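Enquirer: using only what follows, build the 3D model:
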Amino acid sequence: MKKHFITLTLIALSFTAFSQVKNEHAIGARIGGGNTFGSQISYQYGISNYNRLEVDLGFNSNNDGNGFNLSGVYQWVWAIESGFNWYAGPAATLGSWSYKSKYDGSGDSGAYLGIGGQIGAEYNFDEVPINISLDTMPQFGFGPTNQTFNMGLSLGIRYVF
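Expert: As a prediction, the model looks like this:
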């Protein structure tokens, strides 16, 4: 009986692991929190039924400084149920920032590189071409100006075409 249960469990998991996901193109926004860059324009390019590329571009500007952040992610996508998927993959980030204090005029600037990954879940609506997701992209920063660990949650809303 125990062998039958293990066999059935492995068969069920294999169907889940290899079920196809319709990966199309999608464009929208990732709205982030935590110690990540913040909101970004997001584009997903479907490579096959099992993987895709995601590129996220963010700009940050305020009274004290500005910067940009460009991230690229290779994602494997697995179907959970109809329209509901989860995904994971490696990520890399390139960015630049500058800062100037409005109080004493001091400032600094720099560039950075980040290496990490992304993991999340998404839902694709059948009625409308909209995709919503919740994910995290933990990364380690490299370079002379950014040697930190960054992580935060992001809500993604994309138009699928």
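Enquirer: just to check, G95 is in contact with N60?
Expert: No. The pair G95 and N60 does not pass the contact test of CB atoms under 8 Å, sitting 9.4 Å apart. C-betas here are computed from N, CA, C, even on glycine.
Enquirer: I31 pairs with what?
Expert: For I31, the beta-bridge partners under DSSP bridges are L155.
Enquirer: returning to what we had before: pick out whichever of G95 and N60 has more residues nearby.
Expert: G95 (20 against 15; other CB atoms under 10 Å).
Enquirer: any stretches of the chain with poor pLDDT?
Expert: 1-23, 34-37, 145-146 (pLDDT under 70).
Enquirer: pairing partners for the stretch of helix or strand Y45 belongs to, with directions?
Expert: Using DSSP states H and E, Y45 sits in strand 40-46. As defined by DSSP bridges, the strand partners of strand 40-46 come to strand 26-32 (antiparallel), strand 51-62 (antiparallel).
Enquirer: next, the buried residues of the shortest one.
Expert: Spelled out, it's strand 26-32. For strand 26-32, the neighbour count (16 or more other CB atoms under 10 Å) marks 26, 28-30, 32 as buried.
Enquirer: return the member of those nearest to I157.
Expert: Each of the buried residues of strand 26-32 was scored against I157 by CB to CB, and G28 proved nearest at 5.0 Å.
Enquirer: L155 is in contact with that closest one, correct?
Expert: No. Taking CB under 8 Å as the definition, G28 is not a contact partner of L155, at 10.4 Å.
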